[in-house]
Structures are given as structure tokens and as C-alpha cells.
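Give me a model of this one.
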Amino acid sequence: MAGTSLVTASALLDLLTEDEVAELARACVKAGCPALFALSVSGHVEFASPDPLDREFEAAFNAHQRRVVDGRRLLGPDAVDVAVRAFADFEVHLRPSPWRLGAADEALAAEWLRGWVSAACEFEPDLPGQPYLERRLTDPRVEVQHTDLLAIPKAVR
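The predicted model follows:
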């Protein structure tokens, strides 16, 4: 990473393991460069019209995000906390970065919802995925919480 002046990625941290985030932080420390990681899943969603099963699907989706893939335990919504610890020698700034999918984004919201419900049901097959999805698709307006993380070497300001 010699000569690197900034490391940036989007929607990455939640797909990594704790060791991978630590290695990424070490590489940034070694290069002495800031890092910006945008759109890390925080594990929370808020629908415009609540459903009694929202939290069950949210929990199942979050568990799916933390699953083991090819021997790697993914961080999912724990990624930002792990990254903050990994960048302990840096000045770390966190900001909310929610997706706000409204009436103008109905097709995108519906596509996101199908994937979210599918992942939740993959982890918890007993969830009533199809009935829940059909109810949710009648009003898919949602705010999907993400966090952006900026890590700046303390010597750089």
C-alpha cells in the first residue's frame, strides 16, 4: 500500500470477519492513510407502517448476516463496532447513513424487501415469509440503517 493516500469502500465491512477488519486496519496504519467505509449495515430497519413480525424478521436477517461462510464468520451488523476497535490508534468518526426508500423508490424498496425477507427465511425457515412479504409489499416504504466510518491517523489533521 505504499503511496496510498486514502482507502475507501462501500458496503464492505459487514461482509468481512474480525481478523479481516483487523488486517485492513493494520494496512491503513502501516500506510499512514485515512480510511472511509460507507454503508455498513447497522442491523435496524424502520418501516413506515409497522408489522408485528418486523423485529423477528430483523433478528433473523441479522443472524443471517453473522453466518459462517466457507469457514469465515461474517460480522454483519457488528462490523462497525469491530472496526472502531481495530482503528484504536486513529481518530474515528461515525455517521448514520440510512437508505430512505419511499414512494418514489417503490421498485427498489420492493427488491430490497424481497432480498431481506429471503435472507431472514434462509436463516429461520419457520418464519412466514410469503405472507409477511405480501403484506409488506403493499407499503414497502422503509428506512434501512447504515453507518459510515471515517478513520484518520491522529498525526494527520
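
Going by C-alpha atoms from here, please, whenever you check contacts or count neighbours.
Will do.

right, and H64 touches V117 too?
No. Taking C-alpha atoms under 8 Å as the contact criterion, H64 and V117 are not neighbours in contact, 10.7 Å apart.

So the residue minimising distance to the centre of the chain: helix, strand or coil?
To find the centre residue of the chain, average its C-alpha atoms and take the closest one (C-alpha atoms, centre = their mean): that gives V41, at 1.4 Å. Following DSSP: H, G, I helix; E, B strand; the rest coil, V41 is assigned to strand.

Please name the nearest non-neighbouring residue to it.
H146 (4.6 Å; C-alpha to C-alpha, 6 or more residues apart in numbering).

Repeat that for W116.
F61 (6.6 Å).

The one you found touches A119, doesn't it?
Yes. Applying C-alpha under 8 Å as the test, F61 and A119 come out as touching, 5.8 Å apart.

centre of the chain versus the helix or strand harbouring the residue nearest to V41, how much separation?
Assigned by DSSP states H and E, H146 belongs to strand 142-153. From the chain centre to the centre of strand 142-153 is a distance of 8 Å (C-alpha atoms, centre = their mean, to the nearest Å).

What strands flank that strand, and is each parallel or antiparallel?
Note on strand 142-153: by DSSP bridges, its sheet partners are strand 35-47 (antiparallel), strand 90-96 (antiparallel), strand 99-101 (antiparallel).

and those strands, which is most packed in?
Each of the strands paired with strand 142-153 was scored by mean neighbour count; the highest is strand 35-47, a mean of 20, by mean count of other C-alpha atoms under 10 Å.

partner residues bridging V69?
V69 has these beta-bridge partners by DSSP bridges: R72.

now the longest helix seen in the chain against strand 142-153, angle please.
With residue count as the measure and DSSP state H as the assignment, the chain has helix 106-123 as its longest helix. If you take axes from the mean of the first three to the mean of the last three C-alpha atoms, to 10 degrees, helix 106-123 sits at 80 degrees to strand 142-153.

Give me the residue ranges of the chain where confidence is low.
1-2, 155-157 (pLDDT under 70).

circling back: compare F61 and A119 and say which one has the larger neighbour count.
In terms of neighbours (other C-alpha atoms under 10 Å), F61 is the more surrounded of F61 and A119; the figures are 26 against 21.
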